[in-house]
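In: need a 3D model of the following:
(chains A and B)
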Protein chains: 2
Amino acid sequence: MGRVFAGKDGVIVMNEAAGRRARGGGGSVRRAERTAVSFDVAKFITRNIPNFEILNEEALQIIEYNAETVLEEIGVNFIDNPAALDRWRAAGADVKGERVHIPRGLARQLCATAPSMFTQHARNSDRNVDIGGRNLVLAPVYGPPFVRDREGGRRYATMQDFEKFVKLGYMSKWVHHSGGTVCEPTDIPVNKRHLDMLRAHMVLSDKPYMGSVTEPERAADSVEMSKLLFGADFVDQNVVMTSLININSPLTFDSTMMGALEVYAKAGQAAIISPFIVGGAMAPVTVAGTLTQVLAEVLAGVAYSQLVRAGAPVIFGAFVTSIDMNSGAPTFGTPEAAHITYGAGQLARRLNLPYRSGGSFCGSKLPDAQAAYETANSLNMALLSGVNFMLHACGWLEGGLVSSFEKFVMDADQLGTLHHLAQGVMMDDNGQAMDALREVGPGGHFLGCEHTQKNFKSAFWRSELFDYKPFETWYEEGARDTETLAANRVAKMIGDYQAPVLDEAVRDAIDDYVARKKASMPDAFV
Amino acid sequence: MGRVFAGKDGVIVMNEAAGRRARGGGGSVRRAERTAVSFDVAKFITRNIPNFEILNEEALQIIEYNAETVLEEIGVNFIDNPAALDRWRAAGADVKGERVHIPRGLARQLCATAPSMFTQHARNSDRNVDIGGRNLVLAPVYGPPFVRDREGGRRYATMQDFEKFVKLGYMSKWVHHSGGTVCEPTDIPVNKRHLDMLRAHMVLSDKPYMGSVTEPERAADSVEMSKLLFGADFVDQNVVMTSLININSPLTFDSTMMGALEVYAKAGQAAIISPFIVGGAMAPVTVAGTLTQVLAEVLAGVAYSQLVRAGAPVIFGAFVTSIDMNSGAPTFGTPEAAHITYGAGQLARRLNLPYRSGGSFCGSKLPDAQAAYETANSLNMALLSGVNFMLHACGWLEGGLVSSFEKFVMDADQLGTLHHLAQGVMMDDNGQAMDALREVGPGGHFLGCEHTQKNFKSAFWRSELFDYKPFETWYEEGARDTETLAANRVAKMIGDYQAPVLDEAVRDAIDDYVARKKASMPDAFV
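Out: From the prediction side, this is the model:
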């Protein structure tokens, strides 16, 4: 059995040398034979600080009223999905063609059956995450077709890149979730790559993961493969995947995404229901207008999930950014995105739904200062806006076109600041430190005092990446910038990586499923 | 007379070609003869968003109680300053040697005569700043002995560097204040450089500035030179300088800084009274302990300013950062610094005092990703913590050892995000955008709609520095990183710079004062 003990920062320290029982596997536990590398894994964040509430009660009521007006008067489209239209009709909506007009109050009423919090299970139960409430779960970047690293530059992503990102996520202390499409493995056929991606998350990591959403059948594969990992009964009764269902903003729900949502809702698996909005293009150019649309879309999407299966776990999603009206490029880390993220958090809490937003967003082509300013702006607003599930929390580059290896570890390191910020201020006697003030007095210094000696190990967050050395030392060591330090860290982590123990029979069953499924279809690349 | 009109962002747009009357000068107005470069200057920020309040009422009361305990029981030292000890004795404190024990309640009572808000005048009255309330005034980096730029690397700062920074501050849209020691001009004797520095702020910029604090006599020079610029009566009746008085934390007030404070308070000029704390060294290693010490020190310092002259304008200062316990280096952009900055803001507001904290803090040696993460963390917390005066708002590098030209313009650009964040969310009909939602409907796009056309110019903040171009364009243009773009921007701004119009007689009087003062003393370099 694994040795598990609480380390500094309330972090769970795992010694990988001591094998752990793999979930859902019935066979013998394989012991790691190599000398193991020990690394820390932090528990998901539970906030002990307030949320930042940018909208007052009157503004919230206006937006809520307007969103219901949008649903009733303008309506939403459910495309190529007669079953969805039937469900809406039966629920009391006014359906004209594919347009669904939802009477004021109906969507909100339907949303009430969605849980305000749920646990997503990982095969290692120490990695389970509770999504909702005051918690914040951090997951890696999702979706880029390209990767970048310092050595190889920018190039199409491959399955090898994908596996490397899964390994980095597994090794990253402050990352709680293995994510989903950490990059698009473009060397694998489009209709088969979900199998390899799921297998990588299941085998190379023991953190929770996301399922496929690109076709309903791929969502079904995700459920089947999860049953091999966790056992069928366990999957029937527990959430083991949280998957990303994007709305085609404005106000459109396509049959691919809704089909995947239907699969997951019926299986009791969680979905993020998320408008995808570049402001000024897919939504009005103003913050209040965008929030109105976001709320209308989420109300309709969450209500629909509850029509499929009342009680299905869902998350109020909001991917929203602004646009550079000069070039048409989406822009990140901007004030308007922050306003929307703060406001959407308030709207989600008033619906008693978990909230997904934020990320390591940036538009920069390089993991340089632009990338870091934009990302830090985004990460800070996400913490204070009450986000419960942060997709894209590390590794995002170039407006989401690129997964960057160096930026992944740079961002993952910064996520530590969110953990410490969220702890709030300790006000017990030790926190008040009156003994230290008495001991040192005017003109003294605190470095040697008893209180400092007792607390210094856990008092201050420190980066494990940045250079804190004196100028002269730094210069002699090669005057390395952050990207260079990050490249070294990526190499070190990949070198240290060891797969978490998994029952061989379970792994064989997963491999067999992947092989059979692949053999059953011709390759498709579009 | 200058053409002044409100541009986008509520920014005042100045056309430098149209001369402006120089304050305090009686002579003729010189007209600019060259073709002028037009640039925007933003008004100081007035927040339309809430402050982030991390401490609850109970925590605030504990800290306030403990701070008074520190003042009464431990006391503070006023070093080499018999007059200060006399003032304290007369006010009712218990003075033992140089230790001043301040009875519970006394310091707070004395602080009550300090104004909650004051106007610092600039020679161009459009640049006046109101310090306090919901406002935020941004001033450049202060104090570094080194400068860095991409071309020349890191080197000792000179007067030429100093002047270049003043020019950049003058040209920077989002920077409201010219600051003080933007770098230490180490090529000028220590006992004379304040004269050249003040002259540069007075002549090369028309924004408000800071006075010298390194000797009481240099503070007196600052007042005298300001009288030449503004007129003696004006200076007697108005605040024209805000200067930085550091406390020797823990709990020590030295005669140099207090001497300068006495000069400024007597002259009715403003002072920031600021603990200078690296946590764990100059204060306890915990947040609540540090806040207790900060409050005790500010209470004592502000109370003393009011003993010198009741009603003297002062600012509750807090320069606080954490320490890397591995290397002993100060660290920046950290969660603990954020906690303290949020908490100190609450304490300042409860004292009805303007609050100074925050800045473009970072420990990095280069204007790279580390610098930008740390800086963005610091700038965001400063906005939300209710800071009224932010020194070091741009240009800080390497823990304050270096003023960086590239980082100055990078940070100055980012300060635009704070302006837009502070505007809050517009909730009028235009903000609600229901017409746009009706016009576009499901599946449409908003780029061409009437509401977007009407609002797009001012809807979204955009960087004037970052690269928003497509990858291919960016690559063809040289794949430039942020530092390279910033170096180009520095060169462009310095090339475009034209001095603001100043009455020649006023400038001659200032030059004459500097020359006479310099001739009256031998050079000193320590």
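In: from what I can see A:A265 touches A:A310, true?
Out: No. Using CB atoms under 8 Å, A:A265 makes no contact with A:A310, being 9.5 Å away. To be clear about C-beta, it is placed using only N, CA and C from the backbone, and glycine gets the same treatment.
In: what about the closest residue to A:I54 other than its chain neighbours, how many neighbours?
Out: The shortest distance from A:I54 to any non-neighbouring residue, by CB to CB, 6 or more residues apart in numbering or on different chains, is to A:Y342 (4.1 Å). A:Y342 has 27 neighbouring residues, counting by other CB atoms under 10 Å in any protein chain shown.
In: wait, what's in contact with A:Y342?
Out: When contacts are counted by CB atoms under 8 Å, 6 or more residues apart in numbering or on different chains, A:Y342 touches A:52-55, A:381, A:384-385.
In: for the closest residue to chain B within the stretch 301-450 of chain A, give its distance to A:A122.
Out: Residue of the stretch 301-450 of chain A nearest chain B, by CB to the nearest CB: A:A433 (2.7 Å). With the distance defined as CB to CB, to the nearest Å, A:A433 ends up 38 Å from A:A122.
In: neighbour-wise, which of the two wins?
Out: Taking other CB under 10 Å, A:A433 and A:A122 do not tie; A:A433 has more neighbours (29 against 22).
In: hmm, the more buried one is touching B:T286, no?
Out: Yes. A:A433 sits in contact with B:T286 when judged by CB under 8 Å, with a separation of 4.9 Å.
In: between the two, which contacts overlap?
Out: Counting by CB under 8 Å, 6+ apart, the contacts common to A:A433 and B:T286 are A:H451.
In: quick one on the thing from earlier: could you identify the buried members of the contacts of A:Y342?
Out: A:52-55, A:381, A:384-385 (16 or more other CB atoms under 10 Å in any protein chain shown).
In: give me the subset of those residues lying in helices.
Out: A:381, A:384 (DSSP state H).
In: in CSV: the buried ones among the contacts of A:Y342, plus distance to A:V294.
Out: Output for the buried ones among the contacts of A:Y342, formatted as CSV (distance: CB to CB, whole Å):
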residue, distance to A:V294
A:F52, 18
A:E53, 17
A:I54, 14
A:L55, 13
A:M381, 15
A:L384, 18
A:S385, 13
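In: okay, the contacts of A:Y342 in JSON lines with pLDDT next?
Out: Converted to JSON lines, the contacts of A:Y342 look like this (pLDDT from 0 to 100):
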{"residue": "A:F52", "pLDDT": "98"}
{"residue": "A:E53", "pLDDT": "98"}
{"residue": "A:I54", "pLDDT": "98"}
{"residue": "A:L55", "pLDDT": "98"}
{"residue": "A:M381", "pLDDT": "97"}
{"residue": "A:L384", "pLDDT": "98"}
{"residue": "A:S385", "pLDDT": "98"}
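In: and those residues, which is closest to A:Q414?
Out: A:M381 (13.6 Å; CB to CB).
In: for the residue nearest to that closest one when sequence neighbours are not counted, which three-state class applies?
Out: The spatially closest residue to A:M381, leaving aside those adjacent along the chain, is A:A338, at 4.2 Å (CB to CB, 6+ apart). When classified by DSSP: H, G, I helix; E, B strand; the rest coil, A:A338 comes out as helix.
In: tell me where the model's unsure across the stretch 51-200 of chain A.
Out: Within the stretch 51-200 of chain A, no range satisfies pLDDT under 70.
In: what does it put close to chain B?
Out: Residues of the stretch 51-200 of chain A lying close to chain B (CB under 8 Å from any CB of the partner chain) are A:52-55, A:58-59, A:62, A:66, A:69-70, A:73-77, A:99, A:154.
In: could you list which of the residues you listed belong to strands?
Out: Within these, residues falling in strands by DSSP state E are A:76-77, A:99, A:154.
In: closest to B:D503 among those residues?
Out: Using CB to CB, these come closest to B:D503 at A:R154, 56.2 Å.
In: how about that closest one, what does it touch?
Out: A:146-148, A:365, A:398, A:402, B:471.
In: A:G443 too?
Out: B:77, B:248, B:250-252.
In: assumed it was part of a helix.
Out: No. Counting by three-state DSSP, A:G443 is not part of a helix but coil.
In: show the backbone phi and psi for it.
Out: phi 80, psi -10 (degrees, to the nearest 10).
In: distance of it from A:L391?
Out: Counting by CB to CB - A:G443 and A:L391 are separated by 51 Å.
In: can you check A:S212 too?
Out: 15 Å.
In: the two: which is more packed in?
Out: Ranked by neighbour count (other CB under 10 Å), A:S212 and A:L391 place A:L391 first, with 29 against 26.
In: buried residues in stretch A:185-192?
Out: Those would be A:185-186, A:188-192, for stretch A:185-192 by 16+ other CB under 10 Å.
In: checking the residue nearest to A:I54 next. Helix, strand or coil?
Out: Applying three-state DSSP: A:Y342 is helix.
In: quick one, strands of the stretch 301-450 of chain A?
Out: Assigned by DSSP state E, counting those that start in this stretch, the strands in the stretch 301-450 of chain A fall at A:314-317, A:319-323, A:330-331, A:355-356, A:389-390, A:396-397, A:402-404.
In: can you list the strands that the first one pairs with?
Out: Spelled out, that is strand A:314-317. Strand A:314-317 pairs in its sheet with strand A:270-278 (parallel), strand A:355-356 (parallel), by DSSP bridges.
In: so which of those is the most packed in?
Out: Compared across the strands paired with strand A:314-317, strand A:355-356 shows the largest average neighbour count, a mean of 29 (mean count of other CB atoms under 10 Å in any protein chain shown).
In: isn't the residue nearest to A:M381 right up against B:L421?
Out: Yes. The criterion here is CB under 8 Å, and A:A338 meets it with B:L421 at 5.9 Å.
In: quick check: pLDDT value at the residue nearest to A:I54.
Out: pLDDT, A:Y342: 98.
In: roughly how far apart are it and A:E336?
Out: Per CB to CB, A:Y342 is found 11 Å from A:E336.
In: repeat that for A:R516.
Out: A:R516 is 49 Å from A:E336, where distance means CB to CB.
In: now swap in A:Q370 and tell me
Out: Counting by CB to CB - A:Q370 and A:E336 are separated by 18 Å.
In: what about the two, which has more around it?
Out: A:Q370 (30 against 26).
In: who's in contact with the nearest residue to that one once chain neighbours are set aside?
Out: With sequence-adjacent residues excluded and distances taken as CB to CB, 6+ apart, A:Q370 is closest to A:S364, at 3.9 Å. Neighbouring residues of A:S364 by CB under 8 Å, 6+ apart: A:370-371, A:374, A:397-398, B:466-467, B:482.
In: so what's the backbone phi/psi at A:S364?
Out: Dihedral angles (degrees, to the nearest 10) for A:S364: phi -60, psi 150.
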